[in-house]
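[1] Structure, please.
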Amino acid sequence: MLQELKAFLMRGDVLALAVAVIIGGAFQKIVDSMVNDIISPILGMITGNPDFSSVTIGNVLIGNFINAVINFIFVGVVLFFLIKAASGKKSEEADK
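    Numbers count the residues shown, from 1 in each chain. Coordinates of the predicted model:
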């Protein structure tokens with residue numbers, strides 16, 4: 001049974017997945033920092049306050065949801081441009 005476990009863990013796709021999860025975690029920190037430290041302050045300068053956590057509709061506090069949606073959109077935009085830039089580099093290298 002231990003041999004089977006070792007064989008499973010040492011398969012290429014399992015190791016590649018482990019590496020992808022670790023790289024993804026590190027990449028998430030970069031994207032979060034870009035959103036929280038660069039984009040949100042710019043939004044704050046434009047709107048006056050980048051934190052919507054106190055927004056309510058009637059008695060319902062929806063501010064945290066608004067913050068999460070805005071953060072999701074910013075993360076998506078940042079990821080789009082980072083992946084687009086990386087893909088452009090790949091195609092340039094392939095053309096050489």
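[2] helices or strands next to the helix or strand hosting Gly88 in the packing?
    Element membership of Gly88 [criterion: DSSP states H and E] is helix 63-95. Packing contacts for helix 63-95, counted by 3 or more C-beta pairs under 8 Å, 6 or more residues apart in numbering; DSSP states H and E, involve helix 12-34. In this view, the C-beta of every residue, glycine as well, is placed from N, C-alpha and C.
[3] tell me which residues in the helix it packs on are buried?
    Met34 (16 or more other C-beta atoms under 10 Å).
[4] Equivalent analysis for stretch 72-87, please.
    In stretch 72-87, counting by 16+ other C-beta under 10 Å, buried: Phe74, Val75, Val78.
[5] show me where pLDDT drops low in this protein?
    The chain contains residues with pLDDT under 70 at 12, 50, 89-96.
[6] center of this protein, which residue is that?
    Gln28 (4.5 Å; C-alpha atoms, centre = their mean).
[7] quick one: Gln3 is in a helix?
    Yes. Assigned with DSSP: H, G, I helix; E, B strand; the rest coil, Gln3 falls within a helix.
[8] Tell me how far the residue lying farthest from the centre of the chain lies from Ala7.
    Distance from the C-alpha centroid of the chain peaks at Met1, with 37.9 Å (C-alpha atoms, centre = their mean). With distances taken as C-beta to C-beta, to the nearest Å, Met1 is found 11 Å from Ala7.
[9] Likewise for Thr47?
    Distance of Thr47 to Ala7, given as C-beta to C-beta: 55 Å.
[10] again, but for Asp32
    Here the criterion is C-beta to C-beta. By it, Asp32 lies 37 Å from Ala7.
[11] thinking again about what came up before, export the buried residues of stretch 72-87 to TSV and tack on distance to Ile23?
    Shown next, in TSV, are these (distance: C-beta to C-beta, whole Å):
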residue	distance to Ile23
Phe74	21
Val75	16
Val78	16
